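Trainee: no letters, just coordinates:
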């Protein structure tokens, strides 16, 4: 577990394949701030003494607003009381063909959940069709926009 100093950015991702991992590291490359990256495992929750100013979540989404289990566990089991008034952004990856009538996937749930925990939402929710994810131009543009806000 890494312990961060105040005003740093923490990128958290969950990935069964490499799409979320590759996207998280692409975002890391585009941020010009001090940033740490963390891959979730089955037992990780946000420690009370883990300090950060900005949180970027890179998460797979399944179907219509369904979350990957490790990301859901991270959100539900973490203690958000010490992280109120901090900033967050979301990059969700999934297969969006066939779901055109919906806005996005898991990002909707995550955004609502963290807003209810009194965190501040940065910028736009990024939804990327990751089947296949071979064009990172959307992720590059989004992460550069987020970097300019931080």
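Mentor: That came through, no problem. These numbers come from a predicted model, not from an experiment.

Trainee: need the helices for the chain, in chain order.
Mentor: Per DSSP state H, the chain carries helices over the ranges 19-30, 69-77, 106-116, 137-149.

Trainee: can you say which of those is nearest to residue 129?
Mentor: Proximity to residue 129 (Cβ to Cβ) singles out helix 137-149 among these, at 9.2 Å. Every residue, glycine included, has its C-beta placed from N, CA and C.

Trainee: quick revisit: let's have the helices of the chain in CSV, adding mean neighbour count and distance to residue 53.
Mentor: Putting these into CSV (neighbours: other Cβ atoms under 10 Å; distance: least, Cβ to Cβ, whole Å) gives the following:
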stretch, mean neighbour count, distance to residue 53
helix 19-30, 20, 16
helix 69-77, 17, 19
helix 106-116, 18, 14
helix 137-149, 16, 12
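
Trainee: and of those, who's closest to residue 55?
Mentor: Judging the helices of the chain by Cβ to Cβ, what sits closest to residue 55 is helix 106-116, at 8.1 Å.

Trainee: leaving out sequence neighbours, find the closest residue to the residue most central in space within the chain.
Mentor: The residue at the geometric middle of the chain, judged as the C-alpha nearest the mean C-alpha position with Cα atoms, centre = their mean, is residue 57 (0.9 Å). Ranked by Cβ to Cβ, 6 or more residues apart in numbering and with sequence neighbours excluded, the top spatial neighbour of residue 57 is residue 90, at 5.0 Å.

Trainee: wait, isn't that neighbour in contact with residue 124?
Mentor: No - distance between residue 90 and residue 124: 9.2 Å, which falls outside the contact criterion (Cβ atoms under 8 Å).

Trainee: between the two, who's got more neighbours?
Mentor: The residue with the greater number of neighbours, taking residue 90 and residue 124 and applying other Cβ atoms under 10 Å, is residue 90; the counts read 25 against 12.
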